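> starting from these lines, generate the structure:
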Amino acid sequence: MFIFGNLFTAAGYILDTILTIYMWMIIISALLSWVNPDPYNPIVRFLHSVTDPVLRPLRRKIGIAMGIDISPLIVILIIMFIKHFIVASLFDMGARMK
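Predicted coordinates for the structure are as follows:
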C-alpha cells in the first residue's frame, strides 16, 4: 500500500506546484494590467493567453465595478481553496497509506 501512498503524495506535490505557478501568473497578469504593457510583447501575450480563459467568464458574470476588476482575486481564492482542500486531502491520504 505504500506505493499508493507515494502516488497520492507525489500527485499532491505536483498539483500544489502547478496551482502555485498559475496563481503567480494571475498575480503578474493583474499587476501588468496596471501599467498597460506592450500587447505585442511575447511574455505579455503568453500571460494573457494562459490567464484570460479562466478570468474572462468571471469578468462577464461579475463585471468590473468602479473600474476595479476583482476576477483575479476570486480566482486566487479558488486556487487557495483547492490547495487547502484537495491537495491537503491528497497528502493526508498518502500519509495514511504509508
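> all helices for this structure, in order.
Along the chain, the segments classed as helices by DSSP state H run 2-35, 42-62, 71-82, 88-97.
> run through this structure and note the low-pLDDT ranges.
65-66 (pLDDT under 70).
> cutoff 90 now
Counting by pLDDT under 90, the chain has low-confidence residues at 1-2, 33-34, 36-39, 58-70, 97-98.
> burial check on Ile74, number of neighbours?
16 (other C-beta atoms under 10 Å). (Glycine included, C-beta is placed from N, CA and C.)
> typo on my end, it should be Ile78
Other residues within reach of Ile78, judged by other C-beta under 10 Å, total 14.
> got the contact list for it?
Ile78 makes contact with no residue, according to C-beta atoms under 8 Å, 6 or more residues apart in numbering.
> and it, how far from Pro39?
Applying C-beta to C-beta, to the nearest Å, one obtains 27 Å for the distance of Ile78 from Pro39.
> before we move on, what about Gly12?
Separation of Gly12 from Pro39 (C-beta to C-beta) stands at 37 Å.
> the two - which one has more neighbours?
It is Gly12, of Gly12 and Pro39, that has more neighbours when counted by other C-beta under 10 Å, with 21 against 8.
> nearest spatial neighbour of the more buried one, chain-adjacent residues omitted?
Once its chain neighbours are removed from consideration, Gly12 has its nearest residue in Leu90; the separation is 3.5 Å (C-beta to C-beta, 6 or more residues apart in numbering).
> what's the burial count for that neighbour?
Taking other C-beta under 10 Å as the criterion, the count of residues near Leu90 is 20.
> got the contact list for it?
Leu90 makes contact with Phe8, Thr9, Ala11, Gly12, Leu15, according to C-beta under 8 Å, 6+ apart.
> mind running it again at 7 Å?
Contact partners of Leu90, counting by C-beta atoms under 7 Å, 6 or more residues apart in numbering, are Phe8, Ala11, Gly12, Leu15.
> then Val50?
By C-beta under 7 Å, 6+ apart, the contact list for Val50 reads Met25.
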